[in-house]
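Asker: My questions concern the predicted model and sequence given below.
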Amino acid sequence: MGGAAMNADVTFLADTALAIVRAVPVTLGLFVASAIGASLLGGGLVAALTAGLAPVRGIARGWIFLFRGTPLLLQIFMVYYGLAALGPVRQGPFWPAFRDPLFCAGLAMTCCCSAYIAEVLRGALAAIPAGQIEAALACGMGRVTRLRLIVLPQMLRLALPAYGNELVMMVKSTSLASTITVLDVTGVAQQVIAHSYRTLDVFCLAAGVYLGLTGALTALLRWAERRLDPTVSDGAGEGASR
Amino acid sequence: MTDAIPVLRATGIEKSFGGRKVLKGIDLDAAKGEVISILGGSGSGKSTFLRCLNLLEMPDVGEISIAGTPAPLVRDRHGALRVSDARALGSMRARTAMVFQGFNLWSHMRVIDNVIAAPVHVHGMAREEAVERAHALLERVGMGGFAQHWPRQLSGGQQQRVAIARALATDPELMLFDEPTSALDPERVREVLDLMRSLAAEGRTMLVVTHEMAFARDVSTRVVHVREGRIESMGPPAQMFGPDASPAFRAFLSA
Ligand SMILES: Nc1ncnc2c1ncn2[C@@H]1O[C@H](COP(=O)(O)OP(=O)(O)O)[C@@H](O)[C@H]1O
Ligand SMILES: [Mg+2]
């Protein structure tokens, strides 16, 4: 029976795999850009949350409430379809950006994930042992030195596991961009399905690509965690002495 | 007559937490080379007093000066004390050192980096010099082989000895110890107490909150009994541990 059919099958899968892999830069670019944007914005939000001025804190809290409390999919629709319906946006200088679905998806993801990252960083800040801050105060370290030498490095270490989790979620969230015509990994998979009427194997290929991406990211995060503190995985012992 | 200027002069220190007065006016001077043991029941305000001296806790009322330099405090318009000059506060703290019950080593830094942090980043010492001195200090506290270890790889006694090396690294004029052996296993207490004895012997000015009576009796030049936020009695150990001690202190000792 199916020598020819089998061949057609292999060809189809190979072509599909190639098309999906070609879409990886779109998925990856969307992820990297919004991860950087969300991290910077999240850091800014934490700075605002700890600011002396009440209105500044209020704005940061409102931002987090808004973007953490509504679905990302809705936010993507609001940016792409919603803003396009506004005259000033259509006539404004940024219209070329706002009519680009990839930009809109990135913007929505940046805003949404900044709220989660801010919460992660805030938790890490609160988890820094008070005694270590007191030790820094007691030896006369000023604000900037304390921040640079003690607070930020500690915060980074404490935040890393939850922050890494957030990044993995973000990789997967990029697939929502396909709903506004972005041809990312999921978008391309859906396109192939629309032509071929084959679903399961195509989706499996796409899933495999996401697994590869999140797997690589997880390995990278584990490496970073170990680098920041070799005793984390080595366990206690003489291992760290040179 | 510079010798006459006390290393520490604290006058009329008062402090309340949520309307409850924890320190009710404490006066204490420490001359150069004095080792003052502060004894008293739990909750009597010993830690709070010690923490007021380097302004980890802001007193409500009182004056503090370190080797003649007054703490940079002013009254705001509500009469509360606040820091008038952050830089002066930093340099006041830089001249003192504190050793905590819980060690408080910076857990993200290796032992050596804990010891050089203040010399390099507060006092502006060259890194090579600070490292060299740190190795000598670690040797002195018996932690010479542990420079590249992480704090969590060390026992409590070892961590506390590193914390003492860290405190010594800036050659402080005044050392504050808040129950430095209370968190240690009994068999580790001695290694820290022996080290503190050697600091006393070399003429360091020390304020030590402790429950180690032998240390208070044998090492200190003065024993201070704090009770309910006041200095109930104080004097040389021979007097405080002798028959003329105040009844309250004798009651505390026998409790
Ligand atoms: N930050 C704080 N907030 C509220 N109460 C405090 C604080 N620090 C200390 N206290 C209270 O002040 C009293 C004295 O505490 P402390 O100075 O730690 O006593 P000691 O060191 O003599 O055991 C205690 O009743 C304690 O509960
Ligand atoms: Mg105490």
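Answerer: That came in fine, so what should we check first? Values in this document were obtained by computation on a predicted structure and should not be read as measured data. Ligands and ions are numbered 1, 2, ... in the order given.
Asker: what stretches of chain A score poorly on pLDDT?
Answerer: Counting by pLDDT under 70, chain A shows low-confidence ranges at A:1-5, A:230-242.
Asker: hey, where'd the helices end up in it?
Answerer: Secondary structure of chain A (DSSP state H): helices located at A:3-22, A:24-49, A:54-69, A:72-77, A:87-91, A:95-98, A:101-127, A:130-138, A:143-146, A:152-173, A:185-196, A:200-228, A:231-234.
Asker: Looking at those, which is nearest to chain B?
Answerer: Closest to chain B of the helices of chain A is helix A:130-138 (Cβ to the nearest Cβ; 3.8 Å). Where you see a C-beta, it was placed from the backbone N, CA and C, and this is true even at glycine.
Asker: tell me the angle that closest one makes with helix A:152-173.
Answerer: Orientation note: helix A:130-138 sits at an angle of 130 degrees relative to helix A:152-173 (axes from the mean of the first three to the mean of the last three Cα atoms, to 10 degrees).
Asker: Give the buried residues for helix A:130-138.
Answerer: Neighbour-count burial for helix A:130-138, counted by 16 or more other Cβ atoms under 10 Å in any protein chain shown, picks out A:131-138.
Asker: Check chain A for the residue nearest ligand 1 and tell me.
Answerer: Using Cβ to the nearest ligand atom, the closest approach of chain A to ligand 1 is made by A:A130 at 10.2 Å.
Asker: Residue 124: neighbour count?
Answerer: Unless you meant another one, I'm taking chain A. Number of residues near A:A124 (other Cβ atoms under 10 Å in any protein chain shown) recorded here: 21.
Asker: meant chain B, my bad for not saying
Answerer: When neighbours are defined as other Cβ under 10 Å, B:G124 has 8 of them.
Asker: Spell out the secondary structure type for it.
Answerer: Secondary structure for B:G124, judged by DSSP: H, G, I helix; E, B strand; the rest coil, is coil.
Asker: So what's the residue count around residue 128?
Answerer: Just going to use chain A. With other Cβ under 10 Å as criterion, A:I128 counts 19.
Asker: Wait, chain B was what I had in mind.
Answerer: Neighbour count for B:E128, taken as other Cβ under 10 Å: 8.
Asker: Over to A:S39?
Answerer: A:S39 sits with 20 neighbouring residues when counted by other Cβ under 10 Å.
Asker: B:R188 and A:A224: what is the separation?
Answerer: According to Cβ to Cβ, to the nearest Å, B:R188 stands 35 Å off from A:A224.
Asker: Of the two, which one has the most company?
Answerer: Between B:R188 and A:A224, B:R188 has the larger neighbour count (other Cβ under 10 Å), namely 18 against 14.
Asker: Tell me how many other residues crowd residue 176.
Answerer: Just going to use chain A. By the criterion of other Cβ under 10 Å, A:L176 has 22 neighbours.
Asker: Let me rephrase: I mean chain B.
Answerer: B:L176: 26 surrounding residues under other Cβ under 10 Å.
Asker: for it, helix, strand, or coil?
Answerer: Under three-state DSSP, B:L176 comes out as strand.
Asker: quick one: contacts for it?
Answerer: The contact partners of B:L176, by Cβ atoms under 8 Å, 6 or more residues apart in numbering or on different chains, come to B:50, B:53-54, B:96-99, B:206-207.
Asker: Of all the residues in the stretch 51-200 of chain B, which one is nearest chain A?
Answerer: Chain A sits closest to B:A94 of the stretch 51-200 of chain B, with a gap of 3.2 Å, by Cβ to the nearest Cβ.
Asker: just to revisit the earlier point, now the contacts of B:L176 in TSV, with distance to A:A219 and secondary structure?
Answerer: Converted to TSV, the contacts of B:L176 look like this (distance: Cβ to Cβ, whole Å; DSSP: H, G, I helix; E, B strand; the rest coil):
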residue	distance to A:A219	secondary structure
B:L50	48	helix
B:L53	50	helix
B:N54	45	coil
B:T96	47	strand
B:A97	43	strand
B:M98	42	strand
B:V99	42	strand
B:M206	51	strand
B:L207	51	strand
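Asker: need those in a markdown table with distance to chain A, pLDDT and neighbour count, can you?
Answerer: Formatted as a markdown table, the contacts of B:L176 follow (distance: Cβ to the nearest Cβ, whole Å; pLDDT from 0 to 100; neighbours: other Cβ atoms under 10 Å in any protein chain shown):
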| residue | distance to chain A | pLDDT | neighbour count |
| --- | --- | --- | --- |
| B:L50 | 10 | 97 | 21 |
| B:L53 | 10 | 96 | 26 |
| B:N54 | 6 | 94 | 25 |
| B:T96 | 8 | 97 | 25 |
| B:A97 | 7 | 97 | 28 |
| B:M98 | 4 | 97 | 26 |
| B:V99 | 9 | 97 | 24 |
| B:M206 | 15 | 97 | 25 |
| B:L207 | 13 | 98 | 28 |
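Asker: For the residue lying closest to the residue of the stretch 51-200 of chain B closest to chain A once chain neighbours are set aside, give me the backbone phi and psi.
Answerer: Leaving out its chain neighbours, the residue that sits closest to B:A94 by Cβ to Cβ, 6 or more residues apart in numbering or on different chains is A:G140, at 3.2 Å. The phi/psi pair for A:G140 (degrees, to the nearest 10) reads phi 90, psi 10.
Asker: May I have the distance across stretch A:91-103, first residue to last?
Answerer: Stretch A:91-103 has an end-to-end distance of 17 Å (Cα to Cα, to the nearest Å).
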